[in-house]
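Visitor: model this:
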Amino acid sequence: MASTTSLSPSQFAFTRAYPRAISSHLPFKLNSSRISFPLKSGSGSFKLCDAPPLTLKALSLRDPKAAVVTKDTWEKSILNSDTPVLVEFYASWCGPCRMVHRIIDEIAGEYAGTLNCFVLNTDDDLPIAEDYEIKAVPVVLLFKNGEKRESVVGTMPKDFYIAAIERVMKS
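Guide: Below you'll find the model as predicted:
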């Protein structure tokens, strides 16, 4: 005979911080004070009986506003652009890059129509990063008329990026 064990939602700290994001993907309700999981008798491990498979998806609070650029689209999107361009060079494994992503997305929304914002994964497009001597990430380069005008190395406050953008736009 199968037995059950109960866990309270407080044991799931993540569900307290993001209850809506998680609750739609779980096979039970988070509103209750207790959550029961059926256990196979004598197994000593948690096993859900007759439960549908649970698929996990990456949850995003918003869509990114900065487009992805690759070596195939570099010339058209960056070098031949009529408007100033901001490019963030990043790597998927880079923690500080994630902080810069949020800032660049905000800037892309604020400067829509006057500045084109892109991101380039240096692991996928190493030749472009080498052409611009990118040795570490994150790095933000600003281009105008196909020429590199400014660079910001590392994670900086948003005002720092805005100041560099304004200098490029006025030049």
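Visitor: which residue ranges form the strands in this structure?
Guide: Ranges of strands in the chain, per DSSP state E, are 3-7, 35-39, 67-68, 85-90, 116-121, 139-144, 147-153.
Visitor: Could I get the full set of helices for this structure?
Guide: In the chain, helices defined by DSSP state H lie at 13-17, 19-23, 74, 95-110, 126-131, 158-170, listed in chain order.
Visitor: average pLDDT across stretch 90-100?
Guide: For stretch 90-100, the per-residue pLDDT values average out at 94.
Visitor: one step back: turn the helices of the chain into TSV, including distance to Leu142 and mean neighbour count.
Guide: The way it works is simple: take the backbone N, C-alpha and C, and place the C-beta from them, glycine included. As requested, those are exported to TSV (distance: least, C-beta to C-beta, whole Å; neighbours: other C-beta atoms under 10 Å):
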stretch	distance to Leu142	mean neighbour count
helix 13-17	36	11
helix 19-23	34	13
helix 74	15	18
helix 95-110	11	17
helix 126-131	15	14
helix 158-170	5	15
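Visitor: Same list (those) but as TSV, adding distance to Leu86.
Guide: As requested, the helices of the chain are exported to TSV (distance: least, C-beta to C-beta, whole Å):
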stretch	distance to Leu86
helix 13-17	32
helix 19-23	30
helix 74	14
helix 95-110	7
helix 126-131	15
helix 158-170	7
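Visitor: and Cys117, which of those is closest to it?
Guide: Across these, the minimum distance to Cys117, taken as C-beta to C-beta, is reached by helix 95-110, at 3.7 Å.
Visitor: Tell me the helices and strands packed up against that closest one.
Guide: Using 3 or more C-beta pairs under 8 Å, 6 or more residues apart in numbering; DSSP states H and E as the contact test, the elements touching helix 95-110 are strand 85-90, strand 116-121, helix 158-170.
Visitor: ok, back up a step: just checking, which of the strands of the chain sits deepest inside the structure?
Guide: When the strands of the chain are scored by mean count of other C-beta atoms under 10 Å, the highest mean neighbour count falls to strand 85-90 (a mean of 25).
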